[in-house]
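**Student:** Here you go, sequence then predicted model.
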Amino acid sequence: MESILKELNSSTGAKGSVVVTQDGMVVAGDIYWEVQKDVVGALSSFLVMATDRCLQQGKMGTLDRMTMIATHGKLIIVSLRDYFLVVLVDQFAAINQVSPLIDEAGRKLMKLTQMKV
Amino acid sequence: MNLIKRFKLSRELARMEKRAKEDPSPSTFVDLAQAYINLGWIDHTLRVAQEGLLLFPRSEELQKVHRYARMNRLNKRVTELRSRISKHPNPEAYHELASVYQEMGDQGALLNVCQECIRRFPEDGEAYLILGEAEVQTYYRGLVAKQGRAAMKNLRHVLELDNKSEAAHQQLARLYFRIGAIRQAKEHLEHLARRRECEPEFRSLLDLANKMPENEEDADRLLRIVEERGSLLNRGETPARTNQTVASEEAISGIREGLSRLVQVEGVMKAAYIRGSKALVKGEIKNGRDPFLKAIRVIAKASQRAARRMDLGNFSKGIVDGSFGHICICTFGDVSAAIQVREGTQVDRLLSDLQDLVAGSLFMAGQR
């Protein structure tokens, strides 16, 4: 998992990326930034849970992906069913350029997180 | 480059310059700027981009070229200053380097430069001031108590080195006032008011502060309260601005028109503008209990909190994709505008329209 995240970071120029469970536990991460993996994991989980809960309560559907743009950076969260991939990029990154690479990494991670019986 | 090549090049550039003037369009300016980029003539690139933006201020291509040229020129200046510092380190070069980083919006590098300058020149009050000012701005964006404390410490240090520093008194007066530390704010405001050329903003703040009860809490505790609350206790309005009406009839009709335009775009199902507990809606929204409105409030609030805690600054825009299509949100302060669109709809343009709607509504409210 970490090698996929490393490759994703180098190809997108991301500040870091982590795979997080729905309750905020970091499964794998490659982040070279002042914010710790656990903090990113916990806050992403809070964001996803809050959004997902209100969407489901309103019978609107489920969350697949979320892009958050802030003054100093962008956060992209992709749902991997039981997990989600969180990618942090800087404020100048073009979302439409990094999105296909994130989707590709998401597909690879999804294969890894699925259990084969 | 030999003489013939140079002649051909200057003729071609003159032709392109003429074309841009005779037949102005974003693409003619972008082509000309691209030619200058290829030649590495950044100053000319910047000039062409600026001229183009005067005529076509909304052209995204020209904005990109302008940003590229500007950043390139600033990077060049950084390299020059870095080499000057490595040869002959002096506080002035550090100050200039810090101001270049500030222009580039690179807050991390700005803080590092100031800290480096302070390590080498511990008596340089200007470096503490630049550092303090940068930290104050960072604090206002995220309202993280730790950053507010650091800013206060550095600004107070400036005053220890030079008690007459007007800039440090101004920053501290604003900061203390905004977090609700009225007693401390008054100390600096009174100092500023004693000066003959005191700015009206500080006289007004002093008048306001004199009417307010003095808070017994210390500044450190107030910083923590502000962090927990997520907003400043006083926003620093001057008396002239406190009488503003927030949403005039004109502003509301402007917002309604903006929402109507958005729902006319193919694929857009719902559009809403929310300020506090009030909402203006258009499209397939039956009433105020529509789950879309609740979703906007929850997403905007959760995103704002997550962005601040991750030190990403203020949340401004967001896109949520799912089985419902896409929800696009644009937020500024307590104002949010959002749309819900069908799957497959291009959202980039709509997101910038939402941003215009929010900015326009705040501008109109500010004019009142």
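**Tutor:** Right, received. Where do you want to start? Residues are numbered from 1 along each chain as shown, chains lettered A, B, ... in the order given.
**Student:** I'd like the distance between the residue in the stretch 251-368 of chain B that chain A sits nearest to and residue A:61.
**Tutor:** Nearest residue of the stretch 251-368 of chain B to chain A: residue B:291, at 2.2 Å (CB to the nearest CB). (C-beta placed from N, C-alpha, C; glycine too.) Applying CB to CB, to the nearest Å, the value for residue B:291 to residue A:61 is 10 Å.
**Student:** What of residue B:264?
**Tutor:** Distance from residue B:264 to residue A:61, by CB to CB: 24 Å.
**Student:** what does residue B:11 give?
**Tutor:** Per CB to CB, residue B:11 is found 61 Å from residue A:61.
**Student:** and chain A, which of its residues are near chain B?
**Tutor:** Residues of chain A lying close to chain B (CB under 8 Å from any CB of the partner chain) are A:34-35, A:39-40, A:43-44, A:46-47, A:50-51, A:53-55, A:57-73, A:75, A:88, A:91, A:96.
**Student:** ChimeraX command for the buried members of those?
**Tutor:** Buried residues among these (16 or more other CB atoms under 10 Å in any protein chain shown), as a ChimeraX selection:
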select /A:35,39,40,43,44,47,50,51,54,55,58,60,63,64,65,66,67,68,69,70,71,72,73,75,88
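**Student:** Now, the residues of chain A next to chain B that are in helices?
**Tutor:** A:39-40, A:43-44, A:46-47, A:50-51, A:53-55, A:57, A:96 (DSSP state H).
**Student:** so what's whichever residue of chain A sits closest to chain B up against?
**Tutor:** Of all residues in chain A, residue A:58 sits closest to chain B, with a separation of 2.2 Å (CB to the nearest CB). With contact set as CB atoms under 8 Å, 6 or more residues apart in numbering or on different chains, residue A:58 has these partners: B:290, B:291, B:292, B:294, B:295.
**Student:** if you set the cut-off to 7 Å instead, what comes out?
**Tutor:** Residue A:58 makes contact with B:291, B:294, B:295, according to CB atoms under 7 Å, 6 or more residues apart in numbering or on different chains.
**Student:** The first one: what's its closest spatial neighbour, skipping adjacent residues?
**Tutor:** Using CB to CB, 6 or more residues apart in numbering or on different chains and skipping the chain neighbours, the partner closest in space to residue B:291 is residue A:58 (2.2 Å).
**Student:** could you measure the one you found against residue B:298, distance?
**Tutor:** Separation of residue A:58 from residue B:298 (CB to CB): 10 Å.
**Student:** Helix, strand, or coil at the spatially closest residue to residue B:180 that is not a sequence neighbour?
**Tutor:** Nearest residue to residue B:180, sequence neighbours excluded (CB to CB, 6+ apart): residue B:233, at 3.5 Å. Counting by DSSP: H, G, I helix; E, B strand; the rest coil, the backbone at residue B:233 sits in coil.
**Student:** Pull out the buried residues from stretch B:84-92.
**Tutor:** By 16+ other CB under 10 Å, the buried positions in stretch B:84-92 come out as B:84, B:85, B:91.
**Student:** ok, now stretch A:83-97?
**Tutor:** For stretch A:83-97, by 16+ other CB under 10 Å, it's A:83, A:84, A:85, A:86, A:87, A:88, A:89, A:93.
**Student:** Using pLDDT, spot the least trustworthy of the residues you listed.
**Tutor:** Least confident entry in the buried residues of stretch A:83-97, by pLDDT: residue A:93, with 81.
**Student:** phi, psi of that residue?
**Tutor:** Residue A:93 has phi and psi values of phi -70, psi 140 when expressed as degrees, to the nearest 10.
**Student:** Poorly predicted segments of chain A, please.
**Tutor:** A:32-35, A:114-117 (pLDDT under 70).
**Student:** For the spatially most central residue of it, give me phi and psi.
**Tutor:** The centre of chain A sits closest to residue A:86, judged by CA atoms, centre = their mean, with a distance of 1.6 Å. Here is the backbone geometry of residue A:86 (degrees, to the nearest 10): phi -120, psi 130.
**Student:** try residue B:95
**Tutor:** phi -60, psi -40.
**Student:** Same question for residue B:313.
**Tutor:** Given degrees, to the nearest 10, the pair of backbone angles that residue B:313 has is phi 80, psi -150.
**Student:** Would you pull up the residue in the stretch 101-250 of chain B closest to chain A?
**Tutor:** For the stretch 101-250 of chain B, CB to the nearest CB, closest residue to chain A: residue B:141, 5.8 Å.
**Student:** and the closest residue to that residue other than its chain neighbours, how many neighbours does it have?
**Tutor:** Of all residues not flanking residue B:141 in the chain, residue B:313 sits nearest, at 4.5 Å (CB to CB, 6+ apart). When neighbours are counted by other CB atoms under 10 Å in any protein chain shown, residue B:313 registers 18.
**Student:** got the contact list for residue B:313?
**Tutor:** Residue B:313 sits next to A:70, A:71, A:72, B:141, B:142, B:307 when contact means CB under 7 Å, 6+ apart.
**Student:** Read off the pLDDT value for it.
**Tutor:** So, for residue B:313, pLDDT stands at 80.
**Student:** Surely residue A:20 touches residue A:42?
**Tutor:** No. In this structure, residue A:20 is not within contact of residue A:42 by CB atoms under 7 Å, at 8.4 Å.
**Student:** ok, these two, which is more surrounded?
**Tutor:** Under the criterion of other CB under 10 Å, the comparison of residue A:20 against residue A:42 puts residue A:20 first, with 26 against 18.
**Student:** Doesn't the more buried one lie inside a strand?
**Tutor:** Yes. Applying three-state DSSP, one finds residue A:20 inside a strand.
**Student:** mind listing what it touches?
**Tutor:** Applying CB under 7 Å, 6+ apart, the residues contacting residue A:20 are A:26, A:27, A:41, A:44, A:45, A:83, A:84, A:86.
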